[in-house]
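J.: fold the following for me, if possible:
(one chain, ligands or ions: 1)
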Amino acid sequence: MAATILDGTKIAADIKTEVAEQVRQLISISIRPGLAAVLVGHDPASEIYVRNKVKTCETLGIYSEKITPPETWTTEQMLQLVAELNARDDIDGILVQLPLPRQIDAKKVLLAVDPAKDVDGFHPMNVGFLSTVRPALVPCTPAGCMEILRRSGIAIEGKEAVVVGRSDIVGKPVAMLLTNANATVTICHSRTRDLPGVCRRADILVAAIGKAGMITPEFVKPGATVIDVGINRITDRTQFEQFFAGDARREASFAKNGSTLVGDVHPKVVEIAGAFTPVPGGVGPLTIAMLMSNTVKAARMRRGLEPGESK
Ligand code: NDP
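T.: Sure, this is the predicted structure:
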């Protein structure tokens, strides 16, 4: 039977519709959620991410402010800015776009963000809340993975889940969320022995590695759900052939753009998986949707209202 495609674009659109409704309700009681996005310097990828985040805020009725300090700023100047944003009542969410220039101590800056406004969910206090199952601001990409599973009706409780990757941003929080949802979770990393064998135990396999197409069919139990967090841009023709030979649509876009995106999961996995997230159009769109959801959640929680989950 053909694998089910888990359509992240559609799920993200549903979440954004719900968030827009929550924003309308808050505005009706004179609360307008606000997000400050801080972008230091001119990293081209970061500029696109921040532009998309600000644009999505506008679409959903969330107030947004883009702050663009020069790339010569020091840690102290950043800490001063964060302190000002922490103190402002019209700002509910503070997003410091990473990476920061090398002279700025990113850990110090992220630690200075008020945990109540930490819409990326990176502050140790929010990490602690997540691990002790308290209401918290949860990192956006991991939260998005859970929304895909839940809204696609994929059972989590009692299932074997394997997460490949243990970063603070994706691997660890997604493993924590799956644990909180009563899956039996194994976390793998670069030192894991017999990675294919461990992955083959998974009913739910999450790949957050950063290595194009590393998860091949031999890593996947037939019928498993595969969530591919990886985003890798490939420009090399030989590598392209290895993944997409015979795929006319990909061929056309590769010829036009000179590159294409591939996840950490090899496209051939569709032949064995029960359900999978495509790249692009899987987990990616959920990240911004969950940032918007977190901004509304922060606006509510800061005022003592119920967090108001999007579903
Ligand atoms: P990191 O580089 O921080 O972490 C990668 C993890 O993969 C590490 O834990 C590393 O293990 C593990 N790993 C690397 N190589 C292997 C290997 N050969 N076998 C087993 N494990 C391995 O990456 P991130 O977590 O930040 O991101 C992962 C991917 O997700 C990237 O492709 C990134 O672009 C993408 N991403 C996508 C987002 C989205 O919106 N969809 C958002 C964020 C990230 P070790 O700890 O031992 O080094």
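J.: can you tell me the SS state at the closest residue to the ligand within the stretch 1-150 of the chain?
T.: Using C-beta to the nearest ligand atom, Thr141 is the residue of the stretch 1-150 of the chain that sits closest to the ligand, at 4.1 Å. Every C-beta, even on glycine, is put in place using the N, C-alpha and C of the backbone. For Thr141, the reduced secondary structure class is helix; criterion used: DSSP: H, G, I helix; E, B strand; the rest coil.
J.: surely it touches Ile227?
T.: No - distance between Thr141 and Ile227: 10.4 Å, which falls outside the contact criterion (C-beta atoms under 8 Å).
J.: give me the more crowded residue out of those two.
T.: Each of Thr141 and Ile227 had its neighbours counted (other C-beta atoms under 10 Å), and the higher figure belongs to Ile227 (27 against 22).
J.: beta partners for that one?
T.: For Ile227, the beta-bridge assignment (DSSP bridges) gives partners Val206.
J.: verify the stated contact: it with Ile215.
T.: No - under the criterion of C-beta under 8 Å, Ile227 lies out of contact with Ile215, with a separation of 10.5 Å.
J.: joint contacts of the two?
T.: Taking C-beta atoms under 8 Å, 6 or more residues apart in numbering as the contact criterion, the common neighbours of Ile227 and Ile215 are 205, 207.
J.: rewinding a little: name the nearest residue to the residue of the stretch 1-150 of the chain closest to the ligand, ignoring sequence neighbours.
T.: Sequence neighbours aside, Thr287 is the residue nearest to Thr141 in space, at 4.9 Å (criterion: C-beta to C-beta, 6 or more residues apart in numbering).
J.: distance of that neighbour from the ligand?
T.: Distance check for Thr287 against the ligand: by C-beta to the nearest ligand atom, to the nearest Å, it reads 4 Å.
J.: which residues touch the residue nearest in space to the middle of the chain?
T.: Closest residue to the average C-alpha location of the chain: Thr141 at 1.5 Å, with C-alpha atoms, centre = their mean. Under the criterion of C-beta under 8 Å, 6+ apart, the neighbours of Thr141 are 169-170, 174, 229, 283, 286-287, 290.
J.: which one of these is nearest Val40?
T.: Of all the contacts of Thr141, the one with the least separation from Val40 (C-beta to C-beta) is Ile169, at 18.2 Å.
J.: what about the closest one, neighbour count?
T.: When neighbours are counted by other C-beta under 10 Å, Ile169 registers 18.
J.: stretch 227-243 near the ligand anywhere?
T.: Yes - Stretch 227-243 comes into contact with the ligand (C-beta under 6 Å from any ligand atom), by way of 229-232.
J.: ok so, going back, could the contacts of Thr141 be laid out in TSV, adding secondary structure?
T.: Listed next are the contacts of Thr141 as TSV, based on three-state DSSP:
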residue	secondary structure
Ile169	coil
Val170	coil
Val174	helix
Val229	coil
Val283	coil
Leu286	helix
Thr287	helix
Met290	helix
